[in-house]
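K.L.:
compute the structure for the input listed below.
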Amino acid sequence: MVPTLAVLLLATAAPLSPPRGIVLVTIDTLRADRVGAYGHPRPTTPFLDRLAREGVLFENAFSSAAHTSPAHASLFTGLWPSQHGVRSNGQGFPEPAPDGYTTLAELLAKAGYDTAAVSAVNFLKPIGRGFRHVDAGGEARGYRLADRTVDRALQWLAGKRAGERFFLWLHLYDPHLPTRAPEVLRRQFEYATHKATQAYADDVVARRPSVKGAYRSPGALAGRHADYEAEVRFADRELERMFDAMRRSGQLRESLFIVTSDHGEGLGDHGYDGHGPFLYDEALRVPLVLWNDGRFAGARVPALARHVDLMPTLAEWTGQKHAAGSFTPQGRSLLPALREPDRPLPAAFVFAQRRPPGPKLRDYEKGEVFALRDLDFKYLVRTGSRDEMYDLRTDPLEMRNLADKGTPLARSLEQRARQAFADSSREGAHAGVGQASPESEEELRALGYIQ
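P.N.:
Okay, the predicted model is just below:
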């Protein structure tokens, strides 16, 4: 008997069983357009591309910050940075927990998951509230390499009993400067001749004209991009090693494997290299791929997805309530999009914030910078400079500033952005935040975050 369409739709909407294991991977500084599954032509991410083919890829996923700690804090709470108060690297959630929001690790621990955080850097320890086991950083040069970080994650996984529920957060730092990828990978991505170097640089400038002048020479441009791609490939390779080890051990059965990034990287776009000062899409658009033991294979979701959506998604999936206390939750569950990828999700916007300037960030412009974005338009409020607005339908590279035109749409978007900032700041005024330790400050200085 052939199932009717009604039966098929009913089966599609059936509740998903809670995953036995949940692995959340954040690859630091990985912008979406350097991933093969998002259209990048070079072989940077063969494993992540395979994961996307076997799972579901969100085409338009965004972070709430262009800095590591604030971005992760929003991912773990479903709140904007001004709400939870983590605005700079090294800061974290207050201990003991106030009567307020619940973190993702706390939520999953309540659902019976053993929780572990394995991070390549020490300065993320303060956002580890709720993780029973925390293993972070510990190398003199500022971050632990991907292979050693994966080794530590596999050591923890080896101690899990058959059938035991677990939640592992794995943070890999390697696409971030300084470049430390294995030499064999650096050779694989470098351009061997002057002609090839020039051709690549010319192509980048032609496709992304804002990159012109960001590097001192075509060789510097090509070299920086090649080094970055080698780092991405290194992280991808080590992640594949962990995934395959988990498959052999049986730990992937009935499990959920999620890969995203905390934020992107400038790579010369808008005239800057690095991340942090600006909120253009090269810094905010991130990959987001979910794999669930064969479900959703090959699906691509065009709807807007945000880091703040992961908390309510996992809460619903595991049968828990997303507890935000006195705070207004900002995310919405992505499960409807998993069941029906082409079905529109409830309307939403990305709200993102830049870290505030301070005495250790003398090159940051004064004032606040925050952005409001949907799939069509983006408005950036810069309280110490000129606002910016972009029509993303015709100007996806954010090159033509329309804010000065003073249209009703521009005024409406500015008002909504300022209101979102005011509301979240008011809620976060008494949230409390843990400050960076001397150990974290030393690490952040070695990594170039602070002067």
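K.L.:
report the buried residues of the longest helix along the chain.
P.N.:
Using DSSP state H to define each element, the chain has its longest helix at helix 218-249. Residues 218, 221-243, 245-246 are the ones in helix 218-249 that count as buried (16 or more other CB atoms under 10 Å). Heads up, the C-betas are built off the backbone N, CA and C, glycines and all.
K.L.:
where does this protein have low pLDDT?
P.N.:
For the chain, residues meeting the criterion pLDDT under 70 lie at 1-15, 98-99, 139-141, 358-363, 451.
K.L.:
kindly recompute the last result at 80.
P.N.:
Along the chain, segments meeting pLDDT under 80 span 1-15, 95-99, 138-142, 357-364, 434-442, 444-451.
K.L.:
contacts only, for the residue lying closest to G298 once chain neighbours are set aside.
P.N.:
Take G298 and drop its neighbours on the chain: the residue closest to it by CB to CB, 6 or more residues apart in numbering is R53, 6.0 Å away. Counting by CB atoms under 8 Å, 6 or more residues apart in numbering, R53 makes contact with 37, 297-298.
K.L.:
before we move on, what about V150?
P.N.:
With contact set as CB under 8 Å, 6+ apart, V150 has these partners: 170, 172, 238-239, 241-242.
K.L.:
what about 10 Å?
P.N.:
Residues near V150 by CB atoms under 10 Å, 6 or more residues apart in numbering: 25, 118, 120, 144, 170, 172, 235, 237-243, 245.
K.L.:
now do L409
P.N.:
Residues counted as contacts of L409 (CB under 10 Å, 6+ apart) are 376-377, 379, 389, 391, 402.
K.L.:
cool, P209 as well?
P.N.:
P209 sits next to 269, 397, 399 when contact means CB under 10 Å, 6+ apart.
K.L.:
list just the nearest of the residues you listed to D49.
P.N.:
D269 (23.0 Å; CB to CB).
K.L.:
quick one: the closest one and Y215 touch, right?
P.N.:
No: using CB atoms under 10 Å, D269 is not in contact with Y215; the gap is 11.6 Å.
K.L.:
what do these two both touch?
P.N.:
The contact sets of D269 and Y215 overlap at V204 (CB under 10 Å, 6+ apart).
K.L.:
of these two, give the one with the bigger neighbour count.
P.N.:
A side-by-side neighbour count of D269 and Y215, using other CB atoms under 10 Å, places D269 first with 25 against 20.
K.L.:
quick one, phi psi at the more buried one?
P.N.:
Here is the backbone geometry of D269 (degrees, to the nearest 10): phi -60, psi 140.
K.L.:
which residues touch it?
P.N.:
Under the criterion of CB under 10 Å, 6+ apart, the neighbours of D269 are 31, 33, 204, 208-211, 214, 278, 280-283, 397-399.
K.L.:
residues contacting F370?
P.N.:
Here F370 is in contact with 64-65, 80-82, 279, 351-354, 379-383, 417-418, 420-421, 424-425 (CB under 10 Å, 6+ apart).
K.L.:
swap the cut-off to 7 Å and go again
P.N.:
Shown in contact with F370 (CB atoms under 7 Å, 6 or more residues apart in numbering): 351-354, 381, 417, 421.
K.L.:
that one belongs to a helix?
P.N.:
No: counting by DSSP: H, G, I helix; E, B strand; the rest coil, F370 is not part of a helix but strand.
K.L.:
report the separation between it and A71.
P.N.:
14 Å (CB to CB, to the nearest Å).
K.L.:
M399 now?
P.N.:
From M399 to A71 the distance is 25 Å (CB to CB).
K.L.:
ok, these two, which is more surrounded?
P.N.:
When M399 and A71 are compared for neighbours, A71 comes out ahead with 27 against 13, by other CB under 10 Å.
K.L.:
pretty sure that one is touching W80, no?
P.N.:
No: taking contacts as CB atoms under 7 Å, A71 lies outside contact range of W80: 11.2 Å.
K.L.:
now do the shared contacts for those two.
P.N.:
Common contacts of A71 and W80 (CB under 7 Å, 6+ apart): S64.
K.L.:
just the strands from this protein, written as ranges.
P.N.:
Using DSSP state E, the strands of the chain run over 21-27, 56-62, 114-119, 133-136, 166-172, 255-260, 285-286, 288-291, 299-306, 350-353, 369-373, 377-382, 388-391.
K.L.:
list the neighbouring strands of the shortest one plus their orientation.
P.N.:
So that's strand 285-286. Strand 285-286 has its sheet partners listed here by DSSP bridges as strand 56-62 (antiparallel).
K.L.:
okay, angle between the strand it pairs with and strand 255-260 too, please.
P.N.:
30 degrees (axes from the mean of the first three to the mean of the last three CA atoms, to 10 degrees).
K.L.:
TSV for the strands of the chain, including distance to E443?
P.N.:
TSV is the format used below for the strands of the chain (distance: least, CB to CB, whole Å):
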stretch	distance to E443
strand 21-27	17
strand 56-62	27
strand 114-119	11
strand 133-136	10
strand 166-172	14
strand 255-260	23
strand 285-286	23
strand 288-291	27
strand 299-306	28
strand 350-353	23
strand 369-373	25
strand 377-382	30
strand 388-391	33
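K.L.:
which of those sits closest to L338?
P.N.:
strand 56-62 (6.1 Å).
K.L.:
distance from the chain centre to the closest one, please.
P.N.:
In this view, strand 56-62 has its centroid 11 Å away from the chain centroid, taken as CA atoms, centre = their mean, to the nearest Å.
K.L.:
ok, residues contacting that strand?
P.N.:
With CB under 7 Å, 6+ apart, strand 56-62 has contacts from 37, 260, 284-290, 296, 299-302, 304-306, 338, 341, 350, 373, 375.
K.L.:
can I get that strand as PDB, trimmed to CA atoms?
P.N.:
What follows is strand 56-62, C-alpha atoms only, in PDB (Å, rounded to 0.1, in the frame of the first residue of the first chain):
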ATOM      1  CA  VAL A  56      21.200  19.500   6.800                       C
ATOM      2  CA  LEU A  57      22.900  22.800   5.900                       C
ATOM      3  CA  PHE A  58      21.600  26.200   6.900                       C
ATOM      4  CA  GLU A  59      22.400  28.600   4.000                       C
ATOM      5  CA  ASN A  60      21.900  31.800   6.000                       C
ATOM      6  CA  ALA A  61      23.300  31.300   9.500                       C
ATOM      7  CA  PHE A  62      24.600  34.200  11.600                       C
END
